[in-house]
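> Turn this into a structure:
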Amino acid sequence: MPDSLLQRVGLIGRPIAHSRSPAMHQAAFDALGLPVRYELWETPDVAALARRISALRQLGILGANITIPWKEAALALLDDLDESVRRLAGAVNTVTREETAQGVRLIGHNTDAPAFDRVLDEMDAWASSRRMLILGAGGAAQAALGVAVARGVEPWIAARRVESAQEALARLAGRLAGPLRWPDHAFALDDLPALAAALRESQILVNATPTGTGDPLASPLPLDLLVALPADAVVLDLVYAPPETGLVRAARAAGLRAMGGRTMLLYQGTLAFTLWTDQPAPLEVMRRALALE
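From the prediction side, this is the model:
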């Protein structure tokens with residue numbers, strides 16, 4: 001098919017060469033016979049992000065995914081945000097276009113949050129969980145915070161800088177339009193006593209940092225601290241490349257239920273596909289493209 005007849009959709013982020021999204025989405029578009037090409041749009045800085053978002057208004061563009069580190073920075077560049085962003089996640093990972101008489105409007109969505117919720121539901125994590133410890137303070141962490149509160153689970157958050165963790169909780173409070181309920185639930189990742197204490201009280205541990213991407217030995221926390229988790233705790237690492245990170249491997253070795261991020265990638269991808277195309281996503285096709293069978 002001539003390129004002039006193709007629509008394009010792409011992934012905005014940095015770095016993104018490792019991404020499995022092109023394989024997953026291209027398989028889905030091809031399976032349904034849709035003339036769409038999924039591309040990688042490396043975006044090195046804020047100025048490039050502004051140009052890339054503006055380019056989404058051009059003819060021939062279907063939409064976009066947004067990943068690290070631009071899920072929050074993109075918010076101010078869009079025309080509108082749906083409730084998944086405003087109330088729940090506070091970050092955007094999917095952009096759709098809306099044609100109006102006044103021109104193209106760009107709408108921000110978050111498919112990470114419902115995908116995150118679904119994965120933990122399938123891990124049977126919600127039934128008895130009271131506390132969740134989230135590592136990281138970026139866009140993925142914001143989605144995890146929103147889902148935790150919606151599920152009635154008390155969130156704790158650790159980041160490289162304690163200030164970043166505190167700001168993440170403050171942004172959550174802003175979305176909830178209420179007082180900051182957990183001002184002391186933020187600490188630095190290198191505060192090992194605080195980390196161990198939080199692990200002892202947490203039934204869910206989430207890695208929402210990029211640590212471990214491309215490095216099966218890297219971990220966002222000292223792995224010997226995993227013994228502090230309760231025996232019935234679950235560990236979810238949002239990193240999906242490699243499929244089994246050092247954190248997941250160590251958690252399983254400790255007898256804990258643990259999963260990497262590839263299933264969440266699948267579920268958020270199916271939701272994004274439907275937002276762009278208004279068609280049900282071919283789940284099994286996308287699953288096979290991610291080698292999840």
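> CA atoms for contacts and neighbours, from now on please.
OK.
> can you give me the helices for the stretch 51-200 of the chain?
For the stretch 51-200 of the chain, helices defined by DSSP state H, counting those that start in this stretch occupy the ranges 83, 112-122, 139-150, 162-176, 192-200.
> Point out the most buried one among the ones you listed.
Greatest average neighbour count among the helices of the stretch 51-200 of the chain goes to helix 139-150 (a mean of 25), per mean count of other Cα atoms under 10 Å.
> Kindly calculate the angle that it makes with helix 112-122.
60 degrees (axes from the mean of the first three to the mean of the last three Cα atoms, to 10 degrees).
> For residue 94, list each beta-bridge partner.
Here residue 94 sits in beta bridges with residue 65, residue 109, going by DSSP bridges.
> Would you check that it makes contact with residue 112?
No - the criterion here is Cα atoms under 8 Å, and residue 94 misses it with residue 112 at 9.1 Å.
> Would you mind listing where the stretch 51-200 of the chain has pLDDT under the threshold?
Applying pLDDT under 70 to the stretch 51-200 of the chain picks out residues 178-180.
> If we use 80, what do you get?
177-183 (pLDDT under 80).
> who's in contact with residue 261?
236, 237, 238, 239, 240, 243 (Cα atoms under 8 Å, 6 or more residues apart in numbering).
> Distance-wise, check the last one relative to residue 175.
To tie it back to what came earlier, the one meant is residue 243. Separation of residue 243 from residue 175 (Cα to Cα, to the nearest Å): 33 Å.
> do residue 30 as well
Applying Cα to Cα, the value for residue 30 to residue 175 is 38 Å.
> cool, and residue 96?
The gap separating residue 96 from residue 175 is 22 Å, by Cα to Cα.
> repeat for residue 118
With distances taken as Cα to Cα, residue 118 is found 22 Å from residue 175.
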